[in-house]
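Enquirer: Fold the following and give me the result.
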Amino acid sequence: MKITAIIDDALVNDVKRFSNSKTTTEAITLALQEWLDMYHLKELNREISKKPFAPGPARKPKETGRPK
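Expert: Numbers count the residues shown, from 1 in each chain. Below you'll find the predicted structure:
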């Protein structure tokens, strides 16, 4: 998608520098993907906190039929 956006030069330059991106497009794409990844992790954590995992009792190991 081609867009026009007004973004602070220092912000873009910092993202390019810290992400080792060669282009502005690469830096912005990476930053947006990282933001989405963090958002999805927060949502997943929110869902997990509603119903945390509670392991049941441990099962007895299967018998293998081999002599001990």
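Enquirer: In the protein, where's the longest helix?
Expert: Longest helix in the chain by number of residues, with DSSP state H as the criterion: helix 24-50.
Enquirer: Tell me which other helices or strands that helix touches.
Expert: For helix 24-50, the elements it packs on are helix 9-19, judged by 3 or more Cβ pairs under 8 Å, 6 or more residues apart in numbering; DSSP states H and E. Just so you know, the C-beta spots here come from the backbone N, C-alpha and C atoms, and that holds for glycine as well.
Enquirer: buried residues in the helix it packs on?
Expert: 12, 15, 16 (16 or more other Cβ atoms under 10 Å).
Enquirer: Dump those to TSV, plus distance to residue 24 and pLDDT.
Expert: Listed next are the buried residues of helix 9-19 as TSV, based on distance: Cβ to Cβ, whole Å; pLDDT from 0 to 100:
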residue	distance to residue 24	pLDDT
12	6	95
15	9	95
16	7	96
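Enquirer: of all those residues, which comes closest to residue 56?
Expert: residue 15 (46.1 Å; Cβ to Cβ).
Enquirer: so how far is residue 41 from that closest one?
Expert: Applying Cβ to Cβ, to the nearest Å, the value for residue 15 to residue 41 is 20 Å.
Enquirer: Over to residue 29?
Expert: 19 Å.
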